[in-house]
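In: fold the following for me, if possible:
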Amino acid sequence: MPPAIITLTTDFGNTDTYVAQMKGAILSINPAATIVDITHEIPPQDIRRGAVALGEMWESFPTGSIHVAVVDPGVGTSRRIIVAKCDERLFVLPDNGLISRVLEASASSEVVEVQDRTFWRANVSNTFHGRDILAPVAAHLSLGVALSRMGPVATNLALLNSSSPQFGERQLTGEIINIDRFGNLITDIGLEHLRKIPTTEIVVRHRQREVAGVSQTYGQHPGGALIALVGSRGYLELAIVDGHAANEIEASIADAIVLSW
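Out: Next up, the predicted model:
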């Protein structure tokens with residue numbers, strides 16, 4: 001069996017020791033695990049941004065990988081902890097909507113509720129299930145423990161409302177679902193939507209700002225230009241060359257982006 005890959009996505013930041021404690025919990029059970037940090041800079045308690053991050057990255061990892069996500073404002077309450085198997089990858093996370101975008105994109109899925117305390121730490125904090133439940137569960141799974149041993153099948157999952165672009169008369173309306181560290185505005189408008197538009201003569205609008213056409217790359221334009229392009233994730237983005245679009249055009253998550261032709 002090749003070394004297990006376990007990824008971590010959290011809102012813990014990198015100042016405190018929370019991430020290191022989770023890694024210690026994993027390595028105490030499986031010292032051979034390969035741990036990959038996805039991001040620990042999800043805005044605190046922002047489940048939707050956490051779901052977007054998981055949706056962006058999971059298909060880049062091989063089958064058999066295990067993905068732990070901790071954005072968990074309901075820690076210590078009656079909210080469930082689940083393990084989802086999606087397209088032969090495992091996700092260990094609270095049942096609060098974090099799995100939403102992965103489930104939407106996966107061809108097959110199976111979800112169980114984590115109930116068997118055999119796979120938890122002996123002493124469980126009410127405020128740190130990432131270290132005491134999720135990390136140990138992921139480590140045991142990485143050693144080959146069967147998904148079915150974690151607990152019963154989970155139904156009625158807590159899922160986020162799906163962000164879905166809407167076609168109208170000669171227009172398509174989507175929204176901003178993420179803002180990266182460069183200030184680029186990543187929308188939910190994907191290549192599959194753009195291919196349905198019958199012309200390349202497109203105007204992209206955010207409030208009163210408009211961009212004519214969809215560019216191929218940033219380098220086609222001078223610094224300071226507001227452009228639209230399809231980014232590496234396969235989604236339409238608005239960006240300012242050598243600038244920070246979110247700040248300069250005062251854009252936020254969930255703002256509408258309208259394409260017309």
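
In: kindly tell me how buried the nearest residue in space to Asp72 that is not next to it in sequence is, as a neighbour count.
Out: Spatial nearest neighbour of Asp72, chain neighbours left out: Pro94 (4.7 Å); criterion: Cβ to Cβ, 6 or more residues apart in numbering. Just so you know, the C-beta spots here come from the backbone N, C-alpha and C atoms, and that holds for glycine as well. Using other Cβ atoms under 10 Å, the number of residues around Pro94 comes to 27.

In: my guess is Pro94 contacts Arg79, does it?
Out: Yes - with the criterion set as Cβ atoms under 8 Å, Pro94 and Arg79 qualify as a contacting pair; they are 5.7 Å apart.

In: can you check which residues contact both of those two?
Out: Counting by Cβ atoms under 8 Å, 6 or more residues apart in numbering, the shared contacts of Pro94 and Arg79 are Asp72.

In: which residues of the stretch 1-150 of the chain fall in strands?
Out: Taking DSSP state E, counting those that start in this stretch to define them, one finds strands in the stretch 1-150 of the chain at 5-10, 34-39, 66-70, 81-86, 89-94, 109-113.

In: residues in contact with the first one?
Out: Looking back up the chat, that one is strand 5-10. Contacts of strand 5-10 from elsewhere in the structure, counted by Cβ under 8 Å, 6+ apart, are 18-19, 22-23, 26, 33-40, 42, 50, 53-54, 57, 61-62, 64-71, 130, 138-139, 142.

In: any of those residues buried? List them.
Out: If you count burial by 16 or more other Cβ atoms under 10 Å, the buried members of these come out as 18-19, 22-23, 26, 33, 35, 38-40, 42, 50, 53-54, 57, 65-71, 130, 138-139, 142.
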